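1. sequence and predicted structure, then a few things I'm wondering about:
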Amino acid sequence: MAEVKVPELAESISEGSIAQWLKQPGDRVEKGEYVLELETDKVNVEIISDYTGTLTELLAEEGDTVQVGQSIAIVDENGTAAAAAPKAEAPKTEEVKAEPVKAEQAAPAQEAPKAETKEASSTQQVIASPAARKLAREKGIDLTQVPVVDPLGRVRVQDVEAASNAPAPVAAPKQAAPAAKQAAAPVEVNDDRIEVVKMTRRRQTIAKRLVQVQSEAAMLTTFNEVDLSAVMELRSRHKDSFVKANDVKLGFMSFFTKAVIGALKKYPLLNAEIKGDHILKKNFYDIGVAVSTEEGLVVPVVRDADRKSFAEIEQNISDLAVKARNNKLGLSDLSGGTFTITNGGTFGSLLSTPILNAPQVGILGMHTIKTRPIAVGDQIENRPMMYLALSYDHRIVDGKEAVGFLVAIKDMLEDPEQLLLQG
């Protein structure tokens, strides 16, 4: 027998949730074949089997949180135990509902759940891993009487083992059931007009990190506006030839990325990171570009953006956006990043205060372009204007630097020939 384990994912990722099993007990698996989809804080990752054989047992259910290095399935490399293991569980009719995979292979017992006792039904309501349920059946232990240490009330294998070795396993364990009920309490709604939807792991992580940033960073936002007449005129003159030469459209993001890099070179603390009592100054420019997807906001990174041309930046951003919306981003696409640009203007936002993408200390918010009357010398002219917002960590960036940074971006965009100096 061989164990399928959660592999090393990335330096900042130590766990994930099982989104979907792609293989079930009894299925043949080949080495290198995908067996499950794992949802992490950043992306969904398909996990492969390192062995060829038959999948005989799942050690974790869909929705379970698993750690890097944890065993999650068993593969029989000889391929002889595939059919036997699931069928062996069929007589235990009270568990059919709790383990749907095995119930499918024990068709004659499909009607058994209707005759369940009240006690068996209570057992099914306990949150427990498949391995814990199996061990409890083997040892004749009632899962509702097993004390747990998991804050969500989930019964693990070690809890069942501890209960089986305890001299009086029935006396104290009544705390387990309240723990499970307490975990489920927030989703008990007595109104059929309300739909309860569990947050995805990514959405939970986004929420946790945004709150964490606001509680740990001294975040402040400064604003300015930029006249995009020169940029729009330049784009208008060169858009056709640019597409022919590079097979990609000339958008606004390359201009803003170049302007951000130029400003970061003048104000390097906005390209830094706080580590304890130290400041890590980064002499490279990996620019994150926020992309909205159905599952939430992700920030893929344009690597070494200072070394890329306008066309390369546009192509990189386009490719990353497509991958993000197709859920094809890899961990390498999302890791790192020294500064972030977010464009709420694509959704019509006129003004906003973007939240820092920790551990970065600066983020630039772009907004929708509106034609407004502006004083130009002694004349009033209608100009395409955009509000810019810079959120920054006041712990290492002072107001003077933040304002100077934003003014530098404004100056370069209003005189885009300066962007040629960025390479």
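-> Received it, and whenever you're ready, just let me know what you need.

2. residue 276: how many residues sit nearby?
-> Neighbour count for residue 276, taken as other CB atoms under 10 Å: 5. Yep, even glycine has a C-beta here, placed from its N, CA and C like the rest.

3. let's number from 23 now, not from 1
-> Done: numbering now begins at 23, and the last item shifts to residue 298.

4. what's near enough to touch it?
-> By CB atoms under 8 Å, 6 or more residues apart in numbering, residue 298 lies in contact with nothing.

5. give me phi/psi at it?
-> Residue 298 adopts backbone torsions of phi 60, psi -120, taken as degrees, to the nearest 10.

6. how about residue 336?
-> phi -60, psi -40.

7. so it touches residue 271, yeah?
-> Yes - between residue 336 and residue 271 there is a contact at 6.7 Å, judged by CB atoms under 8 Å.

8. which of the two has more neighbours?
-> More neighbours surround residue 336 than the other of residue 336 and residue 271, with 23 against 14 (other CB under 10 Å).

9. quick one, strands of the stretch 323-445 of the chain?
-> 323-324, 361-365, 384-388, 392-398, 401-415 (DSSP state E, counting those that start in this stretch).

10. same list, the ones you listed, but as TSV with distance to residue 212 please.
-> What follows is the strands of the stretch 323-445 of the chain, written out as TSV (distance: least, CB to CB, whole Å):
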stretch	distance to residue 212
strand 323-324	46
strand 361-365	40
strand 384-388	41
strand 392-398	47
strand 401-415	41
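
11. of those strands, which is nearest residue 283?
-> Nearest of the strands of the stretch 323-445 of the chain to residue 283, taken as CB to CB: strand 361-365 at 8.6 Å.

12. partner strands of the closest one, parallel or antiparallel?
-> Here strand 361-365 has these sheet partners by DSSP bridges: strand 309-311 (parallel), strand 384-388 (parallel).

13. export the ones you listed to a markdown table and tack on distance to residue 286 and mean neighbour count?
-> Shown next, in a markdown table, are the strands paired with strand 361-365 (distance: least, CB to CB, whole Å; neighbours: other CB atoms under 10 Å):
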| stretch | distance to residue 286 | mean neighbour count |
| --- | --- | --- |
| strand 309-311 | 9 | 25 |
| strand 384-388 | 8 | 25 |
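
14. redo these as TSV? Include mean pLDDT and distance to residue 329.
-> Below are the strands paired with strand 361-365 laid out as TSV (pLDDT from 0 to 100; distance: least, CB to CB, whole Å):
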stretch	mean pLDDT	distance to residue 329
strand 309-311	96	12
strand 384-388	97	20
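
15. rewinding a little: residue 304 is nearest to which of the strands of the stretch 323-445 of the chain?
-> Closest approach to residue 304 among these (CB to CB): strand 361-365, 9.0 Å.

16. figure out how far that closest one is from the centre of its chain.
-> Averaged C-alpha coordinates place strand 361-365 at 17 Å from its chain's average position (CA atoms, centre = their mean, to the nearest Å).

17. residue 249: what's it in contact with?
-> 396, 405-407, 436.

18. if we use 6 Å, what do you get?
-> 405, 407, 436 (CB atoms under 6 Å, 6 or more residues apart in numbering).

19. now a PyMOL select for only the buried ones of the residues you listed.
-> Per 16 or more other CB atoms under 10 Å, the buried members of the contacts of residue 249 correspond to this PyMOL selection:
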select buried, resi 405+407
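
20. circling back: and the strands of the stretch 323-445 of the chain: which comes nearest residue 214?
-> Residue 214 lies closest to strand 361-365 among the strands of the stretch 323-445 of the chain, at 38.1 Å (CB to CB).

21. before we move on, back to that, I'd like the contacts of residue 249 as CSV, with distance to residue 180 and pLDDT appended.
-> Output for the contacts of residue 249, formatted as CSV (distance: CB to CB, whole Å; pLDDT from 0 to 100):
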residue, distance to residue 180, pLDDT
405, 67, 97
407, 62, 97
436, 64, 96
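
22. nearest to residue 381, of the contacts of residue 249?
-> Set against residue 381, the nearest of the contacts of residue 249 by CB to CB is residue 436 (31.6 Å).

23. now do the contacts for that closest one.
-> Contacts of residue 436 (CB under 6 Å, 6+ apart): 249, 252.

24. in space, what's closest to residue 307 - neighbours in sequence excluded?
-> Leaving aside its sequence neighbours, residue 307 sits nearest to residue 328 (CB to CB, 6 or more residues apart in numbering; 4.3 Å).

25. and for residue 70, the neighbour number?
-> Around residue 70 there are 17 residues (other CB under 10 Å).

26. is residue 412 in contact with residue 430, as I believe?
-> No - assessed by CB atoms under 6 Å, residue 412 is found out of contact with residue 430, at 10.7 Å.

27. these two - which one has more neighbours?
-> residue 412 (24 against 19).

28. any regions of the stretch 123-272 of the chain where pLDDT drops low?
-> Along the stretch 123-272 of the chain, segments meeting pLDDT under 70 span 123-153, 156, 171-176, 188-208.

29. what about the helices in it?
-> Per DSSP state H, counting those that start in this stretch, the stretch 123-272 of the chain carries helices over the ranges 140-147, 152-161, 179-187, 198-206, 223-238, 251-268.

30. tell me which of those sits most buried.
-> Across these, averaging neighbours per residue (mean count of other CB atoms under 10 Å) puts helix 152-161 on top, at a mean of 20.
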